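Peer 1: With the sequence up front, the predicted model follows.
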Amino acid sequence: MLYARYPFVGSVSKLSKRMFGVEMDVEELLDLYPNAIDLAKAMVEGRGPAEDAGCDDLCAVLAYRIALVLVAAARSNWLRNNFAVNVAKRASEFFKKEGIETVVGVLKACGFWAEVLREPLRVPLRQQRGAVYAEEYLVRTTLMDYVRLAKRFLSDPTWKVVNKALLGGFVYLKEEELRRLAEEAVVIKVLEDLRELGDVDPQALPERFKGVLEELKTKYMAKRSSADIKIKGFEPRALPPCVRSIYERALQGDNLSHQERFTLATFLLNVGKDVEDVLEVFKNMPDYNERIARYQVEHLAGLRGSHKKYSPPSCKTLVSWGLCPGKDECKGDHPLKEYWRRLRRLTKAPSREPRP
């Protein structure tokens, strides 16, 4: 039941040939698995795994492929990212129960290289009363694959390359690190599957798909019209390039990295926006959880913990994080300075509205 747990690594044609001796298309298989459409809808909505519904491997892979088509036909960047995160979180629940060999196998099927070590790498940490305490690494991956997988949280000291066990071009991983990176690999794989599928014309869908698509659009799309957010007293046209890029991607529903979320939240809080304003923008995140997001934003605003209000990172820090698209347009050394400079220039500019 590997594909029932991880349908994104399966092939409908190969599985149908294995089971029935002939390659079958989606329409033919739907006659055998009529519940696959409902399971596809459940996948998009982030509900229970397919195998909980008594679905075999082929049924699960079929449902996943239908879900891809539905998401592509919805033409929503937010829904794409939300779907990828839902599939990854469901896979992550299974990763917790699997041996590391299976997790490595899924990682490879997603296009990333990793291997289980014959003998664990032990890195001594300290010696106390004659006993040596060491960290144990069971798996390794290439440095390139590690950076791709950990890209969204490389600003976290725990994940920085300089703080990892690095030897001969390989990054050595502990078991819990492997499972977290495997979850990220699933997100990347699902988004790649959607890109490979390309644009899907909703009108060209089979009739039995159209009703489900409309249900999904009615349920989710109306709630995610935040691209038209208007925050009183905030002027997006004055945003420096670094923040503007993050802000626009947030409204489009991109799955931002930790450092991007920190930059955007602290920036908005420091230009006079309150917690509710920031949460309104963050609601577009595919993994948005109001309780967690509210706690984090209130902490950054100085309303919790040490009651210290955080400032956005400097231009130098943003460059080191790879978040500066280029300083050619900027005059200062901090995004806040650049915002206020641009805002002053905009407010002094003569109106271009035609006279009555």
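Peer 2: Thanks, I have the structure now. Numbers count the residues shown, from 1 in each chain.
Peer 1: Each with direction, which strands does the lengthiest strand in the chain pair with?
Peer 2: Using DSSP state E to assign secondary structure, the strand with the most residues in the chain is strand 114-128. If you go by DSSP bridges, strand 114-128 pairs up with strand 131-142 (antiparallel).
Peer 1: Next secondary structure after the partner strand?
Peer 2: Tracing the chain C-terminally past strand 131-142 and defining elements by DSSP states H and E, one meets helix 143-149 next.
Peer 1: can you give me the strands in this protein?
Peer 2: With DSSP E applied, the chain shows strands at 114-128, 131-142, 165-167, 170-173, listed in chain order.
Peer 1: Nearest to residue 149 among the ones you listed would be which one?
Peer 2: Ranking the strands of the chain by their distance to residue 149 (criterion: CB to CB) puts strand 131-142 first, at 7.6 Å. In this view, the C-beta of every residue, glycine as well, is placed from N, C-alpha and C.
Peer 1: circling back: most tightly surrounded among the strands of the chain?
Peer 2: strand 170-173 (a mean of 23; mean count of other CB atoms under 10 Å).
Peer 1: and that strand, what does it pack onto?
Peer 2: Strand 170-173 sits against strand 114-128, strand 131-142, helix 143-149, strand 165-167, with contacts defined as 3 or more CB pairs under 8 Å, 6 or more residues apart in numbering; DSSP states H and E.
Peer 1: what stretches of the stretch 201-350 of the chain score poorly on pLDDT?
Peer 2: The stretch 201-350 of the chain contains residues with pLDDT under 70 at 221-233, 327-328, 349-350.
Peer 1: Does residue 201 touch residue 72 like I think?
Peer 2: No - with contact taken as CB atoms under 8 Å, residue 201 and residue 72 are classed as non-touching, separated by 9.7 Å.
Peer 1: Comparing those two, which shows the higher neighbour count?
Peer 2: Set residue 201 next to residue 72 and count neighbours by other CB atoms under 10 Å: residue 72 wins out with 22 against 9.
Peer 1: For the more buried one, which non-adjacent residue is closest in space?
Peer 2: residue 200 (4.1 Å; CB to CB, 6 or more residues apart in numbering).
Peer 1: how about the residue most central in space within the chain, what does it touch?
Peer 2: By CA atoms, centre = their mean, the chain has its centre lying nearest to residue 255, at 4.0 Å. Contacts here follow CB atoms under 8 Å, 6 or more residues apart in numbering; on that basis residue 255 touches 81, 84, 85, 152, 187, 285, 286, 287.
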